[in-house]
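Asker: Mind folding the following:
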Amino acid sequence: MITLGTIANAKICVPESQQAAYRQHNPEAEIITHPDSIKGLTPKRQWIIEQFPNVFMIDDDIDAINRLYTEKGEPSKLKPDEAYEVVQYIGNCAKLAGAFLFGLNKNGNPAQYNELRPISLTATINGTIGILEGGNLYFHPKAVVSEDYWICGYNAHLNRYAWIDTRFSVVGKETFKSKGGCATYRTEEQEMDDTLWLREMFGESLTVKQDTKLAKRKHKWQRTLTIPL
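Answerer: Numbering: from 1, shown residues only. Below you'll find the predicted structure:
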(Lines give C-alpha, C1' and ligand atoms only; values in the text may rest on other atoms or scores of the structure.)
Protein backbone atom coordinates (compact mmCIF):
# COMPACT_ATOMS: atom_id res chain seq x y z
CA MET A 1 0.00 0.00 0.00
CA ILE A 2 1.67 3.18 -1.27
CA THR A 3 0.33 5.58 1.36
CA LEU A 4 1.99 3.70 4.23
CA GLY A 5 5.33 4.98 2.94
CA THR A 6 3.98 8.51 2.54
CA ILE A 7 2.69 9.38 6.00
CA ALA A 8 3.74 7.95 9.36
CA ASN A 9 1.27 6.29 11.75
CA ALA A 10 -1.28 5.61 9.01
CA LYS A 11 -3.78 2.83 9.69
CA ILE A 12 -5.44 0.61 7.08
CA CYS A 13 -9.23 0.21 7.19
CA VAL A 14 -10.54 -2.86 5.32
CA PRO A 15 -13.45 -5.35 5.40
CA GLU A 16 -13.11 -8.17 7.93
CA SER A 17 -12.81 -10.78 5.18
CA GLN A 18 -9.76 -9.01 3.72
CA GLN A 19 -7.82 -8.64 6.94
CA ALA A 20 -5.62 -11.70 6.41
CA ALA A 21 -4.61 -10.67 2.89
CA TYR A 22 -3.75 -7.12 3.97
CA ARG A 23 -1.85 -8.44 6.99
CA GLN A 24 0.24 -10.68 4.72
CA HIS A 25 1.30 -7.78 2.50
CA ASN A 26 1.50 -5.13 5.25
CA PRO A 27 2.84 -7.00 8.30
CA GLU A 28 3.95 -3.88 10.18
CA ALA A 29 0.78 -1.83 9.66
CA GLU A 30 -2.09 -1.39 12.09
CA ILE A 31 -5.23 -2.75 10.46
CA ILE A 32 -8.76 -1.74 11.41
CA THR A 33 -11.61 -3.88 10.13
CA HIS A 34 -15.23 -3.07 9.44
CA PRO A 35 -18.12 -5.47 8.72
CA ASP A 36 -18.26 -6.95 5.22
CA SER A 37 -21.78 -5.57 4.92
CA ILE A 38 -20.29 -2.09 4.50
CA LYS A 39 -19.56 -1.79 0.80
CA GLY A 40 -18.28 1.27 -1.05
CA LEU A 41 -16.25 4.28 0.01
CA THR A 42 -19.13 6.45 1.25
CA PRO A 43 -20.45 3.88 3.78
CA LYS A 44 -16.85 3.15 4.79
CA ARG A 45 -16.18 6.82 5.52
CA GLN A 46 -19.39 7.02 7.54
CA TRP A 47 -18.38 3.98 9.58
CA ILE A 48 -14.93 5.48 10.18
CA ILE A 49 -16.20 8.79 11.54
CA GLU A 50 -18.63 6.92 13.81
CA GLN A 51 -15.69 5.01 15.30
CA PHE A 52 -13.17 7.87 15.20
CA PRO A 53 -14.85 11.31 15.64
CA ASN A 54 -11.53 13.11 15.05
CA VAL A 55 -9.89 11.64 11.99
CA PHE A 56 -7.96 12.31 8.78
CA MET A 57 -8.84 9.96 5.92
CA ILE A 58 -6.42 9.57 3.04
CA ASP A 59 -6.55 7.34 -0.06
CA ASP A 60 -4.36 4.24 -0.24
CA ASP A 61 -2.59 5.26 -3.47
CA ILE A 62 -0.97 8.53 -2.39
CA ASP A 63 2.64 8.83 -3.56
CA ALA A 64 3.50 12.00 -1.67
CA ILE A 65 2.34 14.89 0.44
CA ASN A 66 4.05 17.91 -1.08
CA ARG A 67 4.94 21.37 0.10
CA LEU A 68 3.87 23.85 -2.59
CA TYR A 69 6.06 26.66 -1.30
CA THR A 70 9.77 25.89 -1.71
CA GLU A 71 13.07 27.70 -2.02
CA LYS A 72 15.40 26.86 -4.88
CA GLY A 73 16.87 23.40 -4.34
CA GLU A 74 14.55 22.58 -1.45
CA PRO A 75 12.68 19.24 -1.77
CA SER A 76 8.92 19.55 -2.06
CA LYS A 77 8.08 16.02 -0.92
CA LEU A 78 7.55 15.68 2.83
CA LYS A 79 9.13 12.82 4.71
CA PRO A 80 6.59 10.46 6.37
CA ASP A 81 7.16 11.93 9.84
CA GLU A 82 6.90 15.46 8.44
CA ALA A 83 3.66 14.59 6.64
CA TYR A 84 2.16 13.24 9.87
CA GLU A 85 3.14 16.35 11.82
CA VAL A 86 1.73 18.63 9.11
CA VAL A 87 -1.64 16.85 9.24
CA GLN A 88 -1.70 17.09 13.04
CA TYR A 89 -0.83 20.78 12.80
CA ILE A 90 -3.58 21.50 10.26
CA GLY A 91 -6.14 19.61 12.33
CA ASN A 92 -5.18 21.52 15.47
CA CYS A 93 -5.38 24.84 13.62
CA ALA A 94 -8.85 23.89 12.38
CA LYS A 95 -9.95 23.11 15.93
CA LEU A 96 -8.62 26.44 17.21
CA ALA A 97 -10.46 28.22 14.38
CA GLY A 98 -13.74 26.49 15.23
CA ALA A 99 -13.81 24.49 11.98
CA PHE A 100 -15.04 20.90 11.76
CA LEU A 101 -13.78 20.01 8.28
CA PHE A 102 -10.14 20.33 7.23
CA GLY A 103 -7.87 19.29 4.41
CA LEU A 104 -5.14 20.09 1.92
CA ASN A 105 -4.91 21.87 -1.41
CA LYS A 106 -6.59 19.82 -4.16
CA ASN A 107 -4.39 21.56 -6.75
CA GLY A 108 -0.86 20.21 -6.61
CA ASN A 109 0.60 22.58 -9.19
CA PRO A 110 3.12 24.89 -7.45
CA ALA A 111 2.75 27.43 -10.26
CA GLN A 112 -0.89 27.94 -9.28
CA TYR A 113 -0.27 28.23 -5.54
CA ASN A 114 -1.34 31.61 -4.18
CA GLU A 115 1.19 32.56 -1.52
CA LEU A 116 -1.03 35.44 -0.43
CA ARG A 117 -3.79 33.01 0.57
CA PRO A 118 -2.19 30.08 2.41
CA ILE A 119 -5.44 29.25 4.21
CA SER A 120 -8.83 28.94 2.52
CA LEU A 121 -12.16 28.74 4.33
CA THR A 122 -14.26 27.99 1.25
CA ALA A 123 -12.21 25.69 -0.98
CA THR A 124 -13.34 22.14 -1.67
CA ILE A 125 -11.44 19.04 -0.59
CA ASN A 126 -10.81 16.04 -2.82
CA GLY A 127 -10.32 12.63 -1.23
CA THR A 128 -8.14 13.54 1.76
CA ILE A 129 -10.74 14.54 4.34
CA GLY A 130 -10.22 15.59 7.93
CA ILE A 131 -13.22 15.72 10.27
CA LEU A 132 -13.45 16.94 13.86
CA GLU A 133 -16.25 16.08 16.26
CA GLY A 134 -19.05 18.51 16.99
CA GLY A 135 -19.94 19.58 13.45
CA ASN A 136 -22.83 17.13 12.92
CA LEU A 137 -21.27 15.97 9.65
CA TYR A 138 -22.14 12.71 7.93
CA PHE A 139 -21.72 11.07 4.53
CA HIS A 140 -24.94 10.80 2.54
CA PRO A 141 -25.44 7.37 0.90
CA LYS A 142 -26.56 9.02 -2.37
CA ALA A 143 -23.10 10.55 -2.77
CA VAL A 144 -21.78 7.27 -4.16
CA VAL A 145 -18.69 8.68 -5.92
CA SER A 146 -18.88 12.26 -4.71
CA GLU A 147 -18.67 11.99 -0.94
CA ASP A 148 -15.99 14.69 -0.86
CA TYR A 149 -18.21 17.20 -2.68
CA TRP A 150 -21.14 16.29 -0.48
CA ILE A 151 -19.23 16.75 2.77
CA CYS A 152 -17.84 20.11 1.61
CA GLY A 153 -21.25 21.41 0.58
CA TYR A 154 -23.04 20.07 3.64
CA ASN A 155 -20.37 21.45 5.96
CA ALA A 156 -20.76 24.90 4.35
CA HIS A 157 -24.53 24.66 4.91
CA LEU A 158 -24.18 23.69 8.57
CA ASN A 159 -20.93 25.23 9.74
CA ARG A 160 -20.22 27.95 7.15
CA TYR A 161 -16.50 27.35 6.72
CA ALA A 162 -13.75 24.72 6.64
CA TRP A 163 -9.98 24.94 7.16
CA ILE A 164 -7.92 24.13 4.06
CA ASP A 165 -4.16 24.63 4.23
CA THR A 166 -3.32 25.38 0.59
CA ARG A 167 0.43 25.19 1.25
CA PHE A 168 0.29 21.39 1.05
CA SER A 169 -1.20 18.90 -1.41
CA VAL A 170 -1.25 15.19 -2.12
CA VAL A 171 0.01 13.38 -5.21
CA GLY A 172 -1.77 10.16 -6.14
CA LYS A 173 -2.80 7.96 -9.02
CA GLU A 174 -5.56 9.13 -11.34
CA THR A 175 -8.92 7.59 -10.46
CA PHE A 176 -9.93 6.40 -13.92
CA LYS A 177 -6.52 4.82 -14.55
CA SER A 178 -6.46 2.61 -11.45
CA LYS A 179 -8.09 -0.81 -11.12
CA GLY A 180 -10.12 -2.28 -8.27
CA GLY A 181 -11.51 -0.48 -5.25
CA CYS A 182 -13.63 2.55 -6.12
CA ALA A 183 -12.74 2.20 -9.80
CA THR A 184 -15.13 -0.76 -10.03
CA TYR A 185 -18.19 1.47 -9.53
CA ARG A 186 -16.85 4.92 -10.44
CA THR A 187 -18.45 4.77 -13.88
CA GLU A 188 -19.41 7.75 -16.02
CA GLU A 189 -23.08 6.88 -15.46
CA GLN A 190 -22.61 6.97 -11.70
CA GLU A 191 -20.71 10.25 -12.01
CA MET A 192 -23.71 11.65 -13.91
CA ASP A 193 -26.16 10.47 -11.25
CA ASP A 194 -24.07 12.00 -8.49
CA THR A 195 -23.62 15.31 -10.27
CA LEU A 196 -27.34 15.68 -10.97
CA TRP A 197 -28.21 14.79 -7.36
CA LEU A 198 -25.64 17.24 -5.99
CA ARG A 199 -27.15 19.92 -8.21
CA GLU A 200 -30.51 19.26 -6.54
CA MET A 201 -28.87 19.57 -3.12
CA PHE A 202 -26.72 22.66 -3.66
CA GLY A 203 -28.31 24.43 -6.61
CA GLU A 204 -26.20 26.80 -8.67
CA SER A 205 -23.22 26.33 -6.36
CA LEU A 206 -22.70 22.99 -8.11
CA THR A 207 -21.85 23.22 -11.81
CA VAL A 208 -20.43 20.96 -14.48
CA LYS A 209 -16.75 21.64 -14.95
CA GLN A 210 -15.48 23.04 -18.26
CA ASP A 211 -12.22 22.39 -20.06
CA THR A 212 -9.53 25.06 -19.71
CA LYS A 213 -6.18 25.69 -21.35
CA LEU A 214 -4.49 24.23 -18.28
CA ALA A 215 -6.65 21.16 -17.71
CA LYS A 216 -9.07 18.91 -19.58
CA ARG A 217 -11.97 17.10 -17.95
CA LYS A 218 -11.60 13.38 -17.24
CA HIS A 219 -15.29 12.94 -18.07
CA LYS A 220 -18.16 15.23 -19.04
CA TRP A 221 -19.86 15.06 -15.63
CA GLN A 222 -16.86 16.30 -13.69
CA ARG A 223 -18.10 18.95 -11.28
CA THR A 224 -17.16 22.15 -9.50
CA LEU A 225 -18.54 23.28 -6.16
CA THR A 226 -18.32 26.99 -5.38
CA ILE A 227 -18.84 27.80 -1.72
CA PRO A 228 -19.80 31.41 -0.98
CA LEU A 229 -18.95 33.02 2.34
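Asker: which residues sit in contact with the residue lying closest to S76 once chain neighbours are set aside?
Answerer: Spatial nearest neighbour of S76, excluding adjacent residues (C-beta to C-beta, 6 or more residues apart in numbering): N66 at 4.7 Å. Quick note: C-beta positions are derived from backbone N, CA and C, even for glycine. Under the criterion of C-beta atoms under 8 Å, 6 or more residues apart in numbering, the contact partners of N66 comprise 76-78, 108, 168-171.
Asker: So which of the residues you listed belong to strands?
Answerer: Here DSSP state E is the test, and the contacts of N66 give 168-171 as lying in strands.
Asker: which one of the residues you listed is nearest E16?
Answerer: Nearest to E16 out of the ones in strands among the contacts of N66 is V170 (C-beta to C-beta; 27.8 Å).
Asker: gap between that closest one and L116?
Answerer: Using C-beta to C-beta, to the nearest Å, one obtains 22 Å as the distance from V170 to L116.
Asker: Compare those two (neighbour count), which wins?
Answerer: Of the pair V170 and L116, V170 is the one with more neighbours under other C-beta atoms under 10 Å, namely 24 against 5.
Asker: about what we covered before: hang on, the residue nearest to S76 in a helix?
Answerer: No: using DSSP: H, G, I helix; E, B strand; the rest coil, the assignment for N66 is strand, not a helix.
Asker: So what sits opposite it in the bridge?
Answerer: With DSSP bridges as the criterion, N66 is bridged to K77, S169.
Asker: where does it sit relative to G127, distance-wise?
Answerer: N66 sits 14 Å away from G127, going by C-beta to C-beta.
Asker: how near is N92 to I12?
Answerer: N92 sits 24 Å away from I12, going by C-beta to C-beta.
Asker: cool, and T212?
Answerer: From T212 over to I12 (counting by C-beta to C-beta), the distance is 36 Å.
Asker: Which residue of those two possesses the greater neighbour count?
Answerer: When T212 and I12 are compared for neighbours, I12 comes out ahead with 19 against 8, by other C-beta under 10 Å.
Asker: Confirm that the more buried one sits in a strand.
Answerer: Yes: secondary structure assignment places I12 in a strand (three-state DSSP).
Asker: circling back to that earlier point, from the contacts of N66, pick the one nearest E147.
Answerer: The closest of the contacts of N66 to E147 turns out to be V170 (C-beta to C-beta; 16.3 Å).
Asker: Would you agree that closest one is in contact with G127?
Answerer: Yes: taking contacts as C-beta atoms under 8 Å, V170 lies within contact range of G127: 7.3 Å.
Asker: Spit out the residues that contact the two alike.
Answerer: 58-59.
Asker: which residues in this structure form helices?
Answerer: Secondary structure of the chain, counting by DSSP state H: helices at 19-25, 41-51, 80-97, 147-159, 188-202.
Asker: low-scoring stretches of the chain, by residue?
Answerer: 173-185, 213-215, 217 (pLDDT under 70).
Asker: make it 50
Answerer: Low-confidence segments of the chain, defined by pLDDT under 50: 175-176, 178.
Asker: Excluding sequence neighbours, find me the nearest residue to S205.
Answerer: Here the nearest residue to S205 in space, its sequence neighbours aside, is T226; by C-beta to C-beta, 6+ apart that works out to 5.3 Å.
Asker: cool, and T122?
Answerer: Going by C-beta to C-beta, 6+ apart, T122 has I227 as its nearest residue, at 4.2 Å.
Asker: what's the answer for R167, then?
Answerer: Spatial nearest neighbour of R167, chain neighbours left out: P118 (5.0 Å); criterion: C-beta to C-beta, 6+ apart.
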